[in-house]
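Student: predicted model follows, preceded by the sequence.
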Amino acid sequence: MKWRVFGSSEFLIGGRPVLVKTLKLRDKLGNWRRYRIATVANHLSSPVYIPAWAYLAKDKEGKIGAMITGSYFRLVKLGRKGQAQPTLFVSLDALSRKARRKLLIPLDYELFEEEDIILAREKNNEPYYIGNKKSRNFHHSGCSRAKIISLENKIIFYTRREALEKGYTPAKICKP
Ligand SMILES: [Zn+2]
């Protein structure tokens, strides 16, 4: 499974996107509810009832859920009264069984439960490194310096060796 940097977020996304029309999430009272999810062009416009896309998304601790984005990377809106937002990270049980199964096809994974939600992790969860194309240094994925590298200067290495072979130097601050 090849992961790629997702915008300026701390998430990596992978696999092929799957269309989603609804998400099952807890409301403010803690009850499970199914919300319609739609793409909107801006904060004021009403949903156009184009569904949204879900990608597999992995956080820096290796926890895997789904990243929901609008079509053509526009905003997503949850329910009728929800706020429009660029993206939404949800656990795997928020998706329909069909969407979840489709998303997980390319992944060698195991599911686990955390605070009542279902997430996945890779069976061989390899660490990864983040390089800076400008300084030619590379960092641990969790390093605070790595987080501020701009998207166009960011490059992912799946092994330390790969980074070294491409001529990158371990950053002095986190010594990856
Ligand atoms: Zn660092």
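Tutor: Received the coordinates, thanks. Numbering: from 1, shown residues only.
Student: can you tell me which residues in this structure are near the ion?
Tutor: Residues of the chain lying close to the ion (Cβ under 5 Å from the ion) are 139, 143, 145, 171, 173-174. For every residue, glycine as well, the C-beta is placed using N, CA and C.
Student: what strand or helix carries residue 57?
Tutor: Here residue 57 is covered by strand 52-58, with elements defined by DSSP states H and E.
Student: any idea of the mean pLDDT for the next helix or strand after that strand?
Tutor: If you walk from strand 52-58 toward the C-terminus, the next helix or strand you reach (DSSP H and E) is strand 64-69. Confidence for strand 64-69, expressed as mean pLDDT, is 95.
Student: now the angle from strand 64-69 to strand 52-58?
Tutor: Computed by axes from the mean of the first three to the mean of the last three Cα atoms, to 10 degrees, the angle separating strand 64-69 from strand 52-58 equals 150 degrees.
Student: counting contacts, what elements does strand 64-69 pack onto?
Tutor: Helices and strands in packing contact with strand 64-69 are listed as strand 12-20, strand 52-58, strand 87-90, strand 117-122; criterion 3 or more Cβ pairs under 8 Å, 6 or more residues apart in numbering; DSSP states H and E.
Student: and the most centrally placed residue in the chain, what does it touch?
Tutor: For the chain, the residue sitting closest to the mean C-alpha position, by Cα atoms, centre = their mean, is residue 57 at 2.9 Å. Residue 57 makes contact with 6, 11-14, 64-67, 89 under the criterion Cβ atoms under 8 Å, 6 or more residues apart in numbering.
Student: how about it, nearest residue that isn't a chain neighbour?
Tutor: Using Cβ to Cβ, 6 or more residues apart in numbering and skipping residues adjacent in sequence, the residue nearest residue 57 is residue 67, 3.7 Å away.
Student: burial count for that neighbour?
Tutor: Using other Cβ atoms under 10 Å as the criterion, residue 67 is surrounded by 22 other residues.
Student: gap between it and residue 51?
Tutor: 15 Å (Cβ to Cβ, to the nearest Å).
Student: one more: residue 109?
Tutor: Here residue 109 is placed at a distance of 24 Å from residue 51 (Cβ to Cβ).
Student: what of residue 82?
Tutor: With the distance defined as Cβ to Cβ, residue 82 ends up 15 Å from residue 51.
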